[in-house]
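J.: here is my input, please return the structure:
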Amino acid sequence: MARIRADHQLHHRRLSRNIGLGVMLILFVGLVYGLTIAKVGTDPNDDLGAPWASPQEERTQ
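T.: Purely as a prediction, here's the structure:
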């Protein structure tokens, strides 16, 4: 009876593909998280805000 070897070339290719996909997924999640923090953390009233942005209260008056 022939035994199935666990270290076949197909397993190595599939493992490296899965690791690559996992790394890409982690990088994508990190990018989305970083962009979310940058967008939510921007205050137009501070020195880092856009010069054309004005506070909401001044626009309504």
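
J.: lowest average confidence, helix or strand, in the chain?
T.: In the chain, the helix or strand scored least confidently by mean pLDDT, DSSP states H and E is helix 56-60, which has a mean of 51.

J.: which stretches of this protein form helices?
T.: 9-40, 56-60 (DSSP state H).

J.: average pLDDT for the longest one?
T.: If you average the pLDDT over helix 9-40, you get 92.

J.: buried ones in that helix?
T.: Buried residues in helix 9-40, counting neighbours by 16 or more other Cβ atoms under 10 Å, are absent. From N, CA and C alone the C-beta is placed, and that goes for glycine too.

J.: residue 18 and residue 29, how far apart?
T.: 16 Å (Cβ to Cβ, to the nearest Å).

J.: related to what we said a few turns ago, dump the helices of the chain to JSON lines, plus distance to residue 3.
T.: Output for those, formatted as JSON lines (distance: least, Cβ to Cβ, whole Å):
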{"stretch": "helix 9-40", "distance to residue 3": "14"}
{"stretch": "helix 56-60", "distance to residue 3": "71"}
